[in-house]
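*Asks:* Please find the sequence and the predicted model below.
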Amino acid sequence: MRSDGSKPKVVIVNSPHPDWDYERRELSELAELRVARCLSYEELLSEAGDADIIMVGDIAHIPLTGEILKKLAKLKLISVYGVGVDAIDLKTAAELGIIVANAPEYGVEDVADHTLALLLSLLRRVPMLDRELRRVGWRDLRSDIEVIRKRFGALRRISSLTIGLIGFGRIGRTVARRLRPFGCSILGYDPYVPDEMFKELSVERVDLQELLSRSDVISIHVILTEETYHLLDEKAFKLMKDGVLIVNTSRGAVIDERALINALRSGKVLGAALDVFEKEPLPADSPLLKMQNVILTPHIGWYSEEAMAEQKRETVLNVKAFLLGEKPPYAVNVS
């Protein structure tokens, strides 16, 4: 309740969901709820300038900078429909007393499943072979394995490979569990996870340099921070094996995209499977779109109907807890 006796104002900004029935059902008795589509800062300030709480989806084009947060004078909580909070100035939010919370547990299985789908498709060159079969016909491909080797590189059995996981949080660990039955060797790098978690899943803990130099396939599972921005840059690619495969379902800017493109062109990286990109939507003139050794999906790894429901529940749970005078369970900028 506000000091004037009115209900707190909650504005849903750029929600990824087609309806807000759940939000209304859970929050309408506690707050005044409004839904807005904001494509500019002017629209954001007009729609949410008096909000106590905002629930945000896609704000990559209108990041919540310190300057903008200071203009949202009544704001006390930002609850994100998703895991990433890289579009929010967390430091300024904390200084202003604004709690930022996310939805960290939704979609873990789905991103792990998508990672595995991309990894196996890349290993077996499924999309590439599908395109070539339609283009040149059965005989040219099936009759000469050397044609396959020349066009797509030699195919490898997964049980013979070493797979490196950069990031060993919820998703990284779930990927490791899914990989274990394939019999491959698994390396893991994450400075923030205790040894016991690696040992529990029989994953060899190594530093980043060793992971890069030993892995046949590298899969990325970290959030985007100042520390992880361009974690895989030109220097990192030079440390990798020739013919390495790259899978990224985390955040695009963890990879220096220009360095990746150069590595793909040189053959240092034999192939890549990407669900995320430095700039989204992926620009129509991106060289990645013309590369035959790259699999692309439109940042959809998180999606399933089950994940959508989980995302709503976690995002609303943060808001409901705050309205009831409790700490949001998934707050990221308060201890």
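*Replies:* Perfect, thanks for sending it. Numbering: from 1, shown residues only.
*Asks:* drop to CA atoms for contacts and neighbour counts, all remaining ones
*Replies:* Fine.
*Asks:* For the stretch 151-300 of the chain, just list every one of the strands.
*Replies:* Per DSSP state E, counting those that start in this stretch, the stretch 151-300 of the chain carries strands over the ranges 162-166, 185-189, 204-205, 217-220, 244-248, 269-274, 294-296.
*Asks:* got a list of what the nearest residue to Gly153 once chain neighbours are set aside touches?
*Replies:* Spatial nearest neighbour of Gly153, chain neighbours left out: Leu270 (7.4 Å); criterion: CA to CA, 6 or more residues apart in numbering. Going by CA atoms under 8 Å, 6 or more residues apart in numbering, Leu270 touches 153, 242-245, 264, 293.
*Asks:* Swap in 7 Å and give it another go.
*Replies:* 243-245, 264 (CA atoms under 7 Å, 6 or more residues apart in numbering).
*Asks:* Asn14 versus that one, what's the distance?
*Replies:* Distance of Leu270 to Asn14, given as CA to CA, to the nearest Å: 37 Å.
*Asks:* go on, Lys7?
*Replies:* 22 Å.
*Asks:* And Arg205, by the same measure?
*Replies:* Distance, Arg205 to Asn14, using CA to CA: 39 Å.
*Asks:* Repeat that for Glu26.
*Replies:* 19 Å.
*Asks:* what does Thr92 give?
*Replies:* From Thr92 to Asn14 the distance is 22 Å (CA to CA).
*Asks:* Helices of the protein, start to end?
*Replies:* Listed in chain order, the helices of the chain (DSSP state H) span 21-27, 41-48, 66-71, 90-95, 108-123, 126-136, 138-142, 145-152, 170-179, 195-200, 208-214, 234-239, 257-266, 305-323.
*Asks:* Please name whichever of those is nearest to Val35.
*Replies:* Val35 lies closest, by CA to CA, to one member of the helices of the chain: helix 41-48, at 8.6 Å.
*Asks:* Which positions in that closest one come out as buried?
*Replies:* Residues 44-45, 47-48 are the ones in helix 41-48 that count as buried (16 or more other CA atoms under 10 Å).
*Asks:* just stretch 82-89 next, same as before
*Replies:* 82-85, 88-89.
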